[in-house]
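Asks: Kindly generate the corresponding structure for this input.
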Amino acid sequence: MKPTHKRLIMGTMGLGGSWESPDYEPADIDLAHAVLEKAKEIGIDTLDTADIYRHGASESVIGEVFKRDRELERHFRVQTKCSIQLPNLQHPWTRYNSAGTYIREAIELSARKLGRAPEIMLLHRFDPLMDLKDTAFAIKSALDSGTIGAWGVSNYSAWQVERLADEVGSYPVANQLELSLSARGFVEHAMNAPFTGSRPGSDYQPGTVEYCADHEVQVQAWSPLARGAFSAPEVSSPTADKVRELAQTHETTPATIVLWWLTMHPAGIVPVIGTTNAERIASCRDALAPSKLTRLEWYELLTTVRGGNCP
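Replies: Have a look, this model is predicted:
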């Protein structure tokens, strides 16, 4: 099953109460309901969550909204993730688990919280201790049984995708990477220029984005707005000023300009927006349409954020 959703995905990392515990209140369900309604209103049809978001409460409040509003349940496809284990009192460190048993249990738990099988399950991070055959068998079993509709990965480099795909016998439908005007190593490397400006974890193996595009693995961008670094109204910088100028030119919002810079890339990048603010969700509406940036404007924005000409 290939992803059929539109040019934006609604991320739900901000839903489900506090990051301190898996507990949530009726107000957290109300907020999730409002976010899903606004996402549907602007034309988004896919939700992105994970079993660790808010210690599992993100999936739970989505399931609660689906019970409350069957129209929203019918409208949205759900993509969730597993394989990261958060620190706890017994084990105060983050670790990864891609063992087949763990994957099967995670899929079952996500389905119970959501109230249905997730359409797509992504492996959240590459597990250095992964037994490829064991992990692949769990993925294939889940696909065959219909407990997931499709499989994908997140934060995987090209060689990691290739190794697992060989064992599964099919390519993942998606690879979710940190990509933005800030995390732009994928562009810098393509120009054969050393790049040290990205945050840790966002400077992927050169060619990963192109590899995914060549193998019809949808490239999804997490944190595509770089936490508002170039589109928030209070931000002042040469890049933010250029973004605002282009927004005026194209009669749209700064958020849309930042997203258009990504979606104009020939890999067909699909941004995952994560705000819980209805106004900010609405500000991304135009990004569901093809980018209106010209080639000149795209490079003008790149040059501005680089602080100098391309090599």
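
Asks: is it true that Tyr211 touches Ala158?
Replies: Yes - applying Cβ atoms under 8 Å as the test, Tyr211 and Ala158 come out as touching, 3.8 Å apart. Yep, even glycine has a C-beta here, placed from its N, CA and C like the rest.

Asks: pLDDT score for the residue lying closest to Thr196 once chain neighbours are set aside?
Replies: Excluding its sequence neighbours, the residue lying closest to Thr196 (Cβ to Cβ, 6 or more residues apart in numbering) is Asp203, at 8.0 Å. If you check Asp203, the pLDDT there is 78.

Asks: Tell me if I'm right that Trp93 and Ile84 touch.
Replies: No - the pair Trp93 / Ile84 is not scored as a contact, 11.7 Å apart, by Cβ under 8 Å.

Asks: Find the residue ranges of the stretch 1-150 of the chain scoring beneath the pLDDT cut-off.
Replies: 1-6 (pLDDT under 70).

Asks: That one: strands as residue ranges?
Replies: Under the criterion DSSP state E, counting those that start in this stretch, the stretch 1-150 of the chain carries strands at the ranges 9-11, 46-48, 77-82, 84-85, 95-96, 120-123, 150-154.

Asks: Put the alpha carbons of the last one into CSV.
Replies: The C-alpha coordinates for strand 150-154 follow below in CSV (Å, rounded to 0.1, in the frame of the first residue of the first chain):
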residue,chain,number,x,y,z
ALA,A,150,2.0,-0.7,5.3
TRP,A,151,5.4,-0.3,6.9
GLY,A,152,7.9,2.5,6.9
VAL,A,153,10.9,4.0,8.7
SER,A,154,12.0,7.2,10.3
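
Asks: And the following helix or strand past that strand, what's buried?
Replies: Using DSSP states H and E, the helix or strand that follows strand 150-154 in sequence is helix 158-168. Within helix 158-168, the residues that qualify as buried by neighbour count (16 or more other Cβ atoms under 10 Å) are 158, 160-161, 164-165, 167-168.

Asks: what does stretch 17-32 give?
Replies: 17, 22, 24, 28-29, 31-32.

Asks: what distance separates that stretch from the centre of its chain?
Replies: 21 Å (Cα atoms, centre = their mean, to the nearest Å).

Asks: Let me see the contact set for the nearest residue to His91 once chain neighbours are set aside.
Replies: In space, and not counting its chain neighbours, His91 is closest to Gln85: 7.6 Å by Cβ to Cβ, 6+ apart. By Cβ atoms under 8 Å, 6 or more residues apart in numbering, the residues touching Gln85 are 52, 91, 94-97.

Asks: just Val235 next, same as before
Replies: 228-229.

Asks: What are the boundaries of the strands in the stretch 201-311 of the chain?
Replies: 218-222, 270-273.

Asks: a markdown table please, covering the ones you listed and showing mean pLDDT, distance to Ser145 and mean neighbour count.
Replies: As requested, those are arranged in a markdown table below (pLDDT from 0 to 100; distance: least, Cβ to Cβ, whole Å; neighbours: other Cβ atoms under 10 Å):
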| stretch | mean pLDDT | distance to Ser145 | mean neighbour count |
| --- | --- | --- | --- |
| strand 218-222 | 98 | 23 | 23 |
| strand 270-273 | 98 | 27 | 23 |
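
Asks: Isn't Leu72 up against Lys38?
Replies: No - if you go by Cβ under 8 Å, Leu72 and Lys38 don't touch, sitting 11.0 Å apart.
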